[in-house]
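Participant: here are the coordinates; sequence isn't available:
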C-alpha cells in the first residue's frame, strides 16, 4: 500500500467507526516506511495508542515506533510512552490532556498519541514536524479532518454494522463522495460548512450544490440517493486524495464477517485499492 502513498508527505487515516482498523493501518504504515528507510512523524486528532479503549472497554492494538520516529503527543500521555526520548519542543498548543509536546524516539517501544482536535491548531503543528512522512491518526467519524493531509487512507470494518451489506453500502458512499467532480462553473449553490440533510432541505430540484471539499459532505448513502432522484447534484471546490481503503472483518461486538467474502465484495463495490492488513 505504501507505494500508493509515495508522492505524499502528510497522510491522514480516518475511520468509518471505532474498531475499524485505524491503529492496525497506522502500525502497518509505520513499519513499512521504516523498512523503506524513511523517517516518520506521528500525531493524532484526539487520543490513540491505549491498550484498552477508554470508551468501549475493548482491547486495542498498541502503537509501536522505531528509533528516530518523531512523536507529537500531550503532556499527560508522554509518561505513558515506554520509549527513551528526546524532547524537541513544548508547543503552545493546549488540549484537554495538556500541551502538545514533540519528541524524538531514542529507542523502540510503544507510544500513546494525543493532539489537537481543532483544524487550525493541527495545521500549525504539522508545520513544526520534520520527517519524510507525517501520519495523522484521525478521529473516528471526523472525516472533516481529512482536509489537513495530502492523502487519505479510509478504514472500515465489521464494527460499523452487523450487516455486511450496510457496511459496504455506506463505505462505497464515502468513497464516492471523495471522488465527486470538481465544480467548473455554471449555476450552483456553494455551502462553506458541513453539508448535512438539514442544509439541503430547501434546495430546489435541478440544483448543483458545491462543498469546499469531500470531507464536508456528511450525508448518508440513502440521503444522497434521494438527492439524485430530485436531480440535485453535489460537486466540490477542492478535491482530496483518497488513495486506499483498509478493511477489518473482525468486530468486538459480534462474530464479524467472512474475511475473503468481505474483501471480494468491497473490491467489487469501490474503485480504489482495498487491503485486509490482518492477512
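Facilitator: Everything's here; your move. The structure presented is a predicted model; accordingly, all values stated were derived computationally and were not measured.

Participant: Quick one: the strands in the stretch 151-279 of the chain, in order.
Facilitator: 151-157, 189-191, 208-211, 233-236, 242-248, 274-275 (DSSP state E, counting those that start in this stretch).

Participant: Need the winner for burial among those strands.
Facilitator: Per-stretch averages of neighbours, counted by mean count of other C-beta atoms under 10 Å, single out strand 151-157 among those, with a mean of 27. Using the backbone N, CA and C atoms, a C-beta is placed for each residue, glycine as well.

Participant: quick check: angle from it to strand 242-248?
Facilitator: Orientation check (axes from the mean of the first three to the mean of the last three C-alpha atoms, to 10 degrees): strand 151-157 against strand 242-248 gives 20 degrees.

Participant: which residues are contacting strand 151-157?
Facilitator: By C-beta atoms under 8 Å, 6 or more residues apart in numbering, the residues outside strand 151-157 that reach it are 1, 5, 7-8, 10-17, 19-22, 24-25, 29, 146, 167, 171, 174-175, 178, 240-251, 256, 266.

Participant: Strand partners (parallel or antiparallel) of it?
Facilitator: strand 10-15 (parallel), strand 242-248 (parallel) (DSSP bridges).

Participant: quick one: average pLDDT of the longest one?
Facilitator: It refers to strand 242-248. The average pLDDT within strand 242-248 is 97.

Participant: got the contact list for it?
Facilitator: 1, 4-5, 8, 19-21, 24-25, 146, 151-159, 171, 175, 178-179, 214, 262-263, 266, 270, 272-278.

Participant: Quick check, central residue of the protein?
Facilitator: residue 14 (1.4 Å; C-alpha atoms, centre = their mean).

Participant: rewinding a little: of the strands of the stretch 151-279 of the chain, which is nearest residue 92?
Facilitator: strand 151-157 (27.8 Å; C-beta to C-beta).

Participant: so where's the stretch 51-200 of the chain shaky on pLDDT?
Facilitator: Within the stretch 51-200 of the chain, the segments meeting pLDDT under 70 span 51-58, 139-144.

Participant: picking that back up, for the strands paired with strand 151-157, give me JSON lines that also has distance to residue 163.
Facilitator: Formatted as JSON lines, the strands paired with strand 151-157 follow (distance: least, C-beta to C-beta, whole Å):
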{"stretch": "strand 10-15", "distance to residue 163": "18"}
{"stretch": "strand 242-248", "distance to residue 163": "15"}
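
Participant: and of those, who's closest to residue 101?
Facilitator: strand 10-15 (19.9 Å).

Participant: coming back round to it: show the buried residues in the contacts of strand 151-157.
Facilitator: 1, 5, 8, 10-17, 19-22, 24-25, 29, 146, 167, 171, 174-175, 178, 240-251, 256, 266 (16 or more other C-beta atoms under 10 Å).
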